[in-house]
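> need a structure here:
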Amino acid sequence: MFALDPAFSATSHLLTDLDLCQARLQDDARYPWIVLIPRRAHMRELEDLSPQDRARLMDEVLAAGRAVRALGEASGRPVEKLNVAALGNVTPQLHVHVVGRRADDPAWPDPVWGRGGVLTYAPEDLAAAVVAARGAFGPI
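Prediction:
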């Protein structure tokens, strides 16, 4: 049975459940950032997914990329480059980060992890970000 690691609940907001993954908005307003967590029990590595689920995950990464771009547009900071990563060094439950980057973002050109302090969304900005991201998740 799928159970979300509490670390995700503490650092992100539910956007939607896709066919495979739970899509969550990372609570760091510095970057348009979505985390995809496959709703499968005991997943740690991409190789733990079935071939069908791996293919579905790629489709959902592409959909999350569209949503990340919509987040960038909604904030007035269009995304120039998408970064996609499945790290799991801190939170081992299988998940994929889809992060929108710009040459003028606080961590550019380095990775976003461990760079500076998190800037959580203000309530009104969070509401707008959720609407923008949810609106971009269309048919996959």
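> What's the biggest helix in the chain, counting residues?
helix 51-74 (DSSP state H).
> list the buried ones in that helix?
By neighbour count with 16 or more other CB atoms under 10 Å, helix 51-74 contains the buried residues 53, 56-57, 60-61, 63-72, 74. Just so you know, the C-beta spots here come from the backbone N, C-alpha and C atoms, and that holds for glycine as well.
> L20: which of these is nearest?
Nearest to L20 out of these is R56 (CB to CB; 4.4 Å).
> measure the closest residue to A107 other than its chain neighbours to A3 for me?
Sequence neighbours aside, R115 is the residue nearest to A107 in space, at 3.9 Å (criterion: CB to CB, 6 or more residues apart in numbering). For R115, the distance to A3 under the criterion CB to CB, to the nearest Å works out to 30 Å.
> Next: A41.
From A41 over to A3 (counting by CB to CB), the distance is 7 Å.
> what's the answer for G117, then?
Applying CB to CB to G117 and A3 gives a distance of 29 Å.
> Can you tell me the element the nearest residue to D27 once chain neighbours are set aside falls in?
Once flanking residues are discounted, D27 sits nearest to T120: 5.1 Å by CB to CB, 6+ apart. Under DSSP states H and E, no helix or strand contains T120.
> Give the burial count for T120, as a bare number.
Using other CB atoms under 10 Å, the number of residues around T120 comes to 13.
> where's G65 relative to A85, distance?
13 Å.
> shared neighbours of these two, which are they?
The overlap between the contact sets of G65 and A85 (CB atoms under 8 Å, 6 or more residues apart in numbering) is empty.
> which residues of this protein score low on pLDDT?
For the chain, the stretches with pLDDT under 70 are 139-140.
> Nearest residue to the middle of it?
Among the residues of the chain, the one closest to the centroid is I34, at 1.6 Å (CA atoms, centre = their mean).
> State whether that one is indeed within a strand.
Yes: under DSSP: H, G, I helix; E, B strand; the rest coil, I34 sits within a strand.
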